[in-house]
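Peer 1: Sequence plus the predicted model coming up.
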Amino acid sequence: NWITSNGDFELKRWNQEGEDFLLTINSQPETQNCTLQPASGKISADTHILITCQDIQIYQLTYSAGSHGHITGTMQQSVKQGSNGSQVTAQPDDGYIFINWSDGSTENPRTDTAVSRDIAVTANFKYNRASVTLVETTGGNLSPVSDLETTLGGHISFMVTASDGYSVGTVSGNPCTVSH
């Protein structure tokens, strides 16, 4: 017996009144080859078999990259309800870092599991560098005198030297934490 499928259902159960059947399913892309054999090994002339099929929901997983990055892995996936998608990774361009997915997840790489809905998310990236401009005022010198660059959350070092007759009063910035 052949059960033709367009991918929208799968064999759920079978029943014949008063007889237990053993079932073997050989799945192929568009069909399922089913062999039904009664446990007794014999099929009577009046055997009627009811095969019940259940709709299978197919969900779409769509992964995209925002500016300054790209996605590795399969960006468009069709996944049966309750199944897992395949892993995707958000790759930032040079000088950028991955922040999160548009649904708030920070998982990277990401694998959506036990899928129960369509998912469409975008990977967000941001520049991983911060520029610091030092400004001298009267009565002192800064070293170095050029702008400094660091990674976000990183540190920079510079020297503040008071001229004769002056002392270092306040070193400030926005946002800035200064340690002596």
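Peer 2: It's in.

Peer 1: got a list of what residue 145 touches?
Peer 2: The neighbours of residue 145, taking C-beta atoms under 8 Å, 6 or more residues apart in numbering as the test, are 134, 136. (Glycine included, C-beta is placed from N, CA and C.)

Peer 1: and if you look at residue 158?
Peer 2: Here residue 158 is in contact with 134, 142, 143, 144, 148 (C-beta under 8 Å, 6+ apart).

Peer 1: Pull up the gap between the fourth one and residue 112, please.
Peer 2: With distances taken as C-beta to C-beta, to the nearest Å, residue 144 is found 48 Å from residue 112.

Peer 1: Looking at those two, which one has more neighbours?
Peer 2: Set residue 144 next to residue 112 and count neighbours by other C-beta atoms under 10 Å: residue 112 wins out with 23 against 11.

Peer 1: wait, the more buried one sits on residue 119?
Peer 2: Yes - assessed by C-beta atoms under 8 Å, residue 112 is found in contact with residue 119 at 5.7 Å.

Peer 1: tell me the helices in this protein, going along the chain?
Peer 2: Using DSSP state H, no helices are found in the chain.

Peer 1: for it, which spans come out with low pLDDT?
Peer 2: For the chain, the stretches with pLDDT under 70 are 1-55, 151-154, 172-180.

Peer 1: go again using 80 as the cut-off
Peer 2: Within the chain, the stretches with pLDDT under 80 are 1-56, 129-137, 142-159, 169-180.

Peer 1: for stretch 84-96, which positions count as buried?
Peer 2: 85, 88, 90, 91, 92, 96 (16 or more other C-beta atoms under 10 Å).

Peer 1: Can you tell me what sits against it?
Peer 2: Stretch 84-96 has contacts (C-beta under 8 Å, 6+ apart) with 61, 63, 65, 68-75, 77, 79, 98, 101, 108-115, 119, 123, 125-129.
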